[in-house]
Structures are given as C-alpha cells and as structure tokens.
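J.: quick one, fold the following:
(one chain, ligands or ions: 1)
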Amino acid sequence: MQEVKESEEFEGTVEFSPEELNSIFTSEKFLETLSTAAEETHKSGYETAFEISVLEEREFVIQNIRKGGTDSMQGEEEIKEVDGMEFFTKKHGDLLHFHFHPGAEGSVGPSGPDLFIFLDERAPSFLGIGQVGEKGRVNILLIKRPRKIITEEDIEDLEESALWSGGQTAQTQGEFLYEPSQRDTQDALSKAGFENFLIRFDRKADGKYKLNKRSQKLLFGLGSARVNLVFP
Ligand SMILES: [Zn+2]
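T.: Numbers count the residues shown, from 1 in each chain. The predicted structure is shown next:
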C-alpha cells in the first residue's frame, strides 16, 4: 500500500479530536444548515450542498448552501449564505464536503464521480453524502479521506462491483434487479479503501435536528481528523 505523503503544498495541518468533531456536528450553526438543505432537497428533489472549512485557530466556517441539478450539482445556485466566503483570504482547510442526494428510499452512498474528490491531494478530511428519509430523518454517510493513494481505476472497479449502489440507482445484474443494502454499500466502500460511517440526525417535534445518541458514540470512535491547511 502506497502511503500518502505530506505535500509541500500544505501550510500545516490541524487535528480535530472526536470531541471537537462532535461539537461541530451538534452545533446550532451546523444543525440549522443541515435543516435548510434537507428541506430544500425534500421539497424540490434537487441536490443541495455545503462545505465546512476550518481556520488555523480551530474556528469552523460553513460555506454557502447551494442547490444543484439531480446530477452532481450541475447548474448550481446559491440558496442561503451561512458564513460567507471572507475566510477564504485566510489560511484554511476543508473538513467536510457535503451534499444531499434526492430520494428517500434505498441505501445512501456516493456516486463514482463523487469519490473523484479523493484523487485531489487537497481533498477534505470527509466527504458526506446525505439522504432525507421518512419524517425528515437525515442519514449521512461520512467517508474519511483514504490514507492510501486512490486511483481512478480503484473507483472504476468499485463502480463495476456487483455490490455497488452507484449512489442512487439500482444496478441490473443479469436479468435480476439487485438493490444493495446499506451494509453492502458500506462494505464495498471499505474494501476499496474508503473508511466510512453512517450517522443519523433525528427530527424533533419542533422541526429541529439532533444527532442521534448512537451516532454520537460512533463519532467518538472515529479518531481524530486531520485537516490540511492552505493559503488561497
Ligand atoms: Zn453525489
């Protein structure tokens, strides 16, 4: 296995402990952003996306929420400003790139092209793919930036594997329509070198989101996340 080397391109790294990750995912700012994006995807059937970046002093900023096509955010438009883009002039790094896939049914997982993000050495610490399910409940599959170098062939192999959901669509296997389970999708990703975790956000009676207790435990087992910092 070829390890990813520290790149000279980076201006240092910051490590986020599980406690810090938990405080980001339970913060009001994150939960409100998640709620806005979830409602838009649920209502319109379009993908919605946002990113979490961190600054050297460990502050986190959420980039603006965008709405895009049903295919990899094509023709995207901004729907809400969260922290704006001022942070971009400072040293920063990307912790999470997140987007919702439309459709409440089936397993949640990235499409092949979604994984291409990890071919870039400036990849975020996590890719998150979300699904708005029954009663507004949100599932997010968090995929950690791989420690080994991932190639386009690795992603193509994964796309061709029988257990791969392709993110949203079921694959035909001979004359049978095979729909992979959530477990299948996650196992196929793990086997291809993409460590992943499913976390859930429940919707309370007042419409606000809350990180599910079990997911919180799972987050604590994640270990720390390293974010590579760059100057714009
Ligand atoms: Zn996607």
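J.: check the offset of stretch 27-44 from the chain's centre.
T.: In terms of C-alpha atoms, centre = their mean, to the nearest Å, the centre of stretch 27-44 is set 14 Å apart from its chain centre.
J.: ranges for the strands of the protein?
T.: Ranges of strands within the chain are 13-16, 47-55, 60-62, 65-68, 77-80, 92-100, 126-132, 138-144, 171-173, 176-178, 196-203, 209-211, 225-228, based on DSSP state E.
J.: what packs against the last one?
T.: In this case it means strand 225-228. Strand 225-228 is packed against strand 13-16, strand 92-100, with contacts defined by 3 or more C-beta pairs under 8 Å, 6 or more residues apart in numbering; DSSP states H and E. To be clear about C-beta, it is placed using only N, CA and C from the backbone, and glycine gets the same treatment.
J.: okay, these, which one's buried deepest?
T.: strand 92-100 (a mean of 23; mean count of other C-beta atoms under 10 Å).
J.: hmm, that one in reach of the ion?
T.: No - judged by C-beta under 5 Å from the ion, strand 92-100 stays clear of the ion, getting no closer than 5.5 Å.
J.: re earlier: of the strands of the chain, which shows the lowest average pLDDT?
T.: When the strands of the chain are ranked by mean pLDDT, strand 171-173 comes last with a mean of 42.
J.: ok, Gln74 - how many residues close by?
T.: 9 (other C-beta atoms under 10 Å).
J.: that one: what's it in contact with?
T.: Going by C-beta atoms under 8 Å, 6 or more residues apart in numbering, Gln74 touches Gly68.
J.: try Arg145
T.: 118, 123-127.
J.: before we move on, what about Met85?
T.: Applying C-beta under 8 Å, 6+ apart, the residues contacting Met85 are 63-64.
J.: cool, Leu96 as well?
T.: Neighbours of Leu96 in contact, by C-beta under 8 Å, 6+ apart: 51-52, 124-128, 142.
J.: what would these look like in TSV with neighbour count?
T.: Formatted as TSV, the contacts of Leu96 follow (neighbours: other C-beta atoms under 10 Å):
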residue	neighbour count
Glu51	19
Ile52	25
Pro124	25
Ser125	24
Phe126	23
Leu127	22
Gly128	25
Leu142	24
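J.: in the residues you listed, find the pair that's most separated.
T.: Glu51 and Leu142 (13.9 Å; C-beta to C-beta).
J.: tell me, how many residues neighbour the residue in the chain positioned nearest to the ion?
T.: Per C-beta to the ion, Asp114 is where the chain lies closest to the ion, at 4.0 Å. Other residues lying near Asp114 total 19 when counted by other C-beta under 10 Å.
J.: cool, Ile24 as well?
T.: 18.
J.: contacting residues for it?
T.: 16, 30, 52, 60, 95.
J.: and if we set it to 7 Å?
T.: 30, 52, 60 (C-beta atoms under 7 Å, 6 or more residues apart in numbering).
J.: adding distance to Gln182, write the helices and strands packed on strand 225-228 out as a markdown table.
T.: Output for these, formatted as a markdown table (distance: least, C-beta to C-beta, whole Å):
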| stretch | distance to Gln182 |
| --- | --- |
| strand 13-16 | 26 |
| strand 92-100 | 16 |
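J.: what's the closest of these to Leu34?
T.: The nearest among the helices and strands packed on strand 225-228, by C-beta to C-beta, is strand 92-100 at 8.4 Å.
J.: please consider this matter closed, and thank you.
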